[in-house]
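Enquirer: Okay, predicted coordinates and the sequence, questions at the end:
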Amino acid sequence: MDMLRITDLHKRFGDKEVLRGLDLSVPEHSVFGFIGQNGAGKTTTMKTVLGLLKADSGEICVNGERVVYGQTATNRYIGYLPDVPEFYAFMNASEYLDFCGEISGMSKRETAKRRDELLELVGLAGETHRVGGYSRGMKQRLGIAQALLGSPKLLICDEPTSALDPVGRKEILDILLAVREQTTVLFSTHILTDVERICSDVAFLNNGVVEIQGSMSEIKTRFRIDGYRLETANEADRDAIRRAFPTVKAEEGNVLTLTEQDTPMFDVLRFIAEQRIPLLKWERCEPTLESLFMEVTKK
Amino acid sequence: MRSLLAFTKKEITEHMRSGKILFLGILFVLFGIMNPAVAKLTPWLMEMLADSLAESGMTITEVNITAMDSWVQFFKNIPMALIAFVLLESNIFTKEYRSGTLILSLTKGLQRYKVMTAKTAVLILLWSVGYWLCYGITYAYNAYFWDNAIAKSLPFSVLCWWVFGLWVIALMSLFSALFSTNTCVLVGTGGVVMVSALLSMIPKLTEYLPTLLTDGNSLIYGVKEPDAYIAALAVVGSTALAALVGGLILFNKKQL
């Protein structure tokens, strides 16, 4: 079942059309990477799912229930971490989680239990200082704790790692990986290494529509290029290969790329063997998220 | 209900920890003491000035101070206390819009009307406690030094002023739902009060305008009877209610 399904979502701000018919489905128990450039519409999409923005048209279902703007009942399934979470600076972490439990109608005992578990999980147990003095990383971790407090079925994180240093980023990614068992995670980002590290599914957002979407392995198979990359030791060898096979493309330095359809691999290998050309590298091209991202955003 | 109480508790804790309650407490107590003190010091001040006044041809015979002078001070000072209160609290909504702290509470399923109700209730509570504290202090000193019985319709006159404060709070809530910066809230609230004050220069309108409620002096001197305030009270009650309901509707639709 899909935990979140968005169909034909449109949203414009003044004369700027941010979302133009966005479709997205997030399977249950996936860690879903929502990838797009700054300004692609990631935050707008997430805020619309949370009922904080009113969609111009289109339908959003969370756990099979329709999202309504304003009084959003579907939010009881969702835990949300904004890009820069802001808390009441006069409270400390455990007071804040107690407050969250009270306003979301959890029992005192349940709140206390979840609070202690989560503070432990995000490494803020025993932190008695007020939130006002927290670093960005600590705020982000408290943000995850508050989002997970009500044991949500869907955890939505808006660029949780963008503003953090490498250590902070790793901590957040580890926490997201750890909670995968309990919930579905949807997080937006433009940091592709984060996606490669923890995501099971991805969607590329560009110009207000989802261009590519699917599981990581599916996408990697679908966009597999039957190609090879090779590097010669010097320019003369490189030019020799290019003269023999005009369809081989030159990249920077002495690197050449070829695709199976244009240039049969074994013909090239035979030529290299006959001419006794020394090679520094011969590798099969794998589609990277970066190349996909570039391809999607170039359009 | 529990979530409403939790949010109200949060507001009160915030006021305590940020020192706003302390500030308001000192302010209202200070004003409460100042009213009788200024009245009490008037004869002494007059005496100090007697020489220079005599030079300009004025002679001071005997200054007779009563509780009235203290109550006149009360009605002169309480507007300043209200202005300070409004200035201090004008950001009670807007600072949450700016910081985004409300987003997390609302996405946790807290209904919007509870946010508005809790904040308005806390404003009413603070104003009421502060105002009646100020009144109580002035009343006690006046009773000690002079006799409060001299002021006519005293309970009604101070009640009117308290209601005027509630009306201003309703305006603050409305403009806080409408605007996102505290400057706009101040301009909106101040603007409406100003318009009411300007319109009261037209004699035919005076008795219907909210600003009439601030005219406590006419009541205590017996220039006006309480009946004359009924129309203004009705206008204040209905516009305050309209402001609160309108504020709730706007707040429900507000994009945060």
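Expert: Perfect, I can see it now. Residues are numbered from 1 along each chain as shown, chains lettered A, B, ... in the order given.

Enquirer: Which single residue in chain A comes nearest to chain B?
Expert: A:Glu102 (3.4 Å; C-beta to the nearest C-beta). Just so you know, the C-beta spots here come from the backbone N, C-alpha and C atoms, and that holds for glycine as well.

Enquirer: Which parts of chain A are helices?
Expert: A:42-49, A:93-103, A:108-121, A:136-148, A:166-178, A:192-198, A:216-222, A:235-244, A:265-275, A:289-298 (DSSP state H).

Enquirer: Worst mean pLDDT among those?
Expert: In terms of average pLDDT, helix A:289-298 trails the rest of the helices of chain A, at a mean of 76.

Enquirer: buried residues in that one?
Expert: A:289, A:292-293, A:296-297 (16 or more other C-beta atoms under 10 Å in any protein chain shown).

Enquirer: could the helices of chain A go into TSV alongside distance to B:Tyr131?
Expert: Formatted as TSV, the helices of chain A follow (distance: least, C-beta to C-beta, whole Å):
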stretch	distance to B:Tyr131
helix A:42-49	41
helix A:93-103	29
helix A:108-121	36
helix A:136-148	37
helix A:166-178	49
helix A:192-198	55
helix A:216-222	64
helix A:235-244	88
helix A:265-275	88
helix A:289-298	61
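
Enquirer: circling back to that earlier point, also near chain B: which of the buried residues of helix A:289-298, exactly?
Expert: When C-beta under 8 Å from any C-beta of the partner chain is applied, no member of the buried residues of helix A:289-298 is adjacent to chain B.

Enquirer: just to revisit the earlier point, in terms of helices and strands, where is the nearest residue to the residue of chain A closest to chain B once chain neighbours are set aside?
Expert: Excluding the flanking residues, the one nearest A:Glu102 by C-beta to C-beta, 6 or more residues apart in numbering or on different chains is B:Ala6, at 3.4 Å. Using DSSP states H and E, B:Ala6 maps to helix B:2-17.

Enquirer: do the helix or strand that that helix is followed by and chain A meet?
Expert: Toward the C-terminus, helix B:2-17 is succeeded by helix B:20-55 as the next helix or strand (DSSP H and E). No - Helix B:20-55 does not reach chain A (C-beta under 8 Å from any C-beta); its nearest approach is 11.0 Å.

Enquirer: In terms of secondary structure, what does helix B:20-55 contact?
Expert: helix B:2-17, helix B:67-89, helix B:112-145 (3 or more C-beta pairs under 8 Å, 6 or more residues apart in numbering or on different chains; DSSP states H and E).

Enquirer: Adding mean neighbour count and mean pLDDT, write these out as TSV.
Expert: As requested, the helices and strands packed on helix B:20-55 are exported to TSV (neighbours: other C-beta atoms under 10 Å in any protein chain shown; pLDDT from 0 to 100):
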stretch	mean neighbour count	mean pLDDT
helix B:2-17	17	95
helix B:67-89	19	94
helix B:112-145	19	96
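
Enquirer: which bits of the stretch 151-256 of chain B sit near chain A?
Expert: Residues of the stretch 151-256 of chain B lying near chain A by C-beta under 8 Å from any C-beta: B:252-253, B:255-256.

Enquirer: among those residues, which are in helices?
Expert: Using DSSP H, the subset of these located in helices is B:252-253.

Enquirer: Out of the residues of the stretch 151-256 of chain B next to chain A, which comes closest to A:Pro166?
Expert: Distance to A:Pro166 across those (C-beta to C-beta) is lowest for B:Leu256, with 32.5 Å.

Enquirer: In contact with that closest one, which residues?
Expert: By C-beta atoms under 8 Å, 6 or more residues apart in numbering or on different chains, B:Leu256 lies in contact with A:52, B:97, B:100, B:102-103, B:106.

Enquirer: likewise B:Ala84?
Expert: Residues near B:Ala84 by C-beta under 8 Å, 6+ apart: B:Leu27.

Enquirer: quick one, what contacts A:Ile144?
Expert: Each residue near A:Ile144 by C-beta under 8 Å, 6+ apart is listed here: A:81, A:122, A:157, A:160, A:172, A:175-176.

Enquirer: measure it to A:Glu117 for me?
Expert: 12 Å (C-beta to C-beta, to the nearest Å).

Enquirer: follow-up on the earlier one: could I get the helix holding B:Ala6 in PDB with only the CA atoms?
Expert: Only the C-alpha atoms of helix B:2-17 are listed here, as PDB (Å, rounded to 0.1, in the frame of the first residue of the first chain):
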ATOM      1  CA  ARG B   2      -6.200  19.000  27.500                       C
ATOM      2  CA  SER B   3      -4.400  20.500  24.500                       C
ATOM      3  CA  LEU B   4      -6.000  23.900  25.100                       C
ATOM      4  CA  LEU B   5      -4.800  23.800  28.700                       C
ATOM      5  CA  ALA B   6      -1.400  22.700  27.600                       C
ATOM      6  CA  PHE B   7      -1.100  25.500  25.200                       C
ATOM      7  CA  THR B   8      -2.300  28.000  27.800                       C
ATOM      8  CA  LYS B   9       0.200  26.600  30.300                       C
ATOM      9  CA  LYS B  10       2.900  27.100  27.700                       C
ATOM     10  CA  GLU B  11       1.900  30.700  27.200                       C
ATOM     11  CA  ILE B  12       2.000  31.400  30.900                       C
ATOM     12  CA  THR B  13       5.400  29.700  31.300                       C
ATOM     13  CA  GLU B  14       6.700  31.700  28.500                       C
ATOM     14  CA  HIS B  15       5.500  34.900  30.100                       C
ATOM     15  CA  MET B  16       7.100  33.900  33.400                       C
ATOM     16  CA  ARG B  17      10.400  32.900  32.000                       C
END
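
Enquirer: which strands and helices sit next to that helix?
Expert: helix A:93-103, helix B:20-55, helix B:112-145.

Enquirer: do that again at 6 Å, thanks
Expert: Packing contacts for helix B:2-17, counted by 3 or more C-beta pairs under 6 Å, 6 or more residues apart in numbering or on different chains; DSSP states H and E, involve helix A:93-103, helix B:112-145.

Enquirer: Could I get those in CSV, plus columns for distance to B:Pro210?
Expert: What follows is these, written out as CSV (distance: least, C-beta to C-beta, whole Å):
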stretch, distance to B:Pro210
helix A:93-103, 35
helix B:112-145, 15
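
Enquirer: which one of these lies closest to B:Thr214?
Expert: Nearest of these (C-beta to C-beta): helix B:112-145, 12.8 Å.

Enquirer: Figure out how far that closest one is from the centre of its chain.
Expert: 9 Å (C-alpha atoms, centre = their mean, to the nearest Å).

Enquirer: now stretch A:188-198
Expert: For stretch A:188-198, the distance to the chain centre is 5 Å (C-alpha atoms, centre = their mean).
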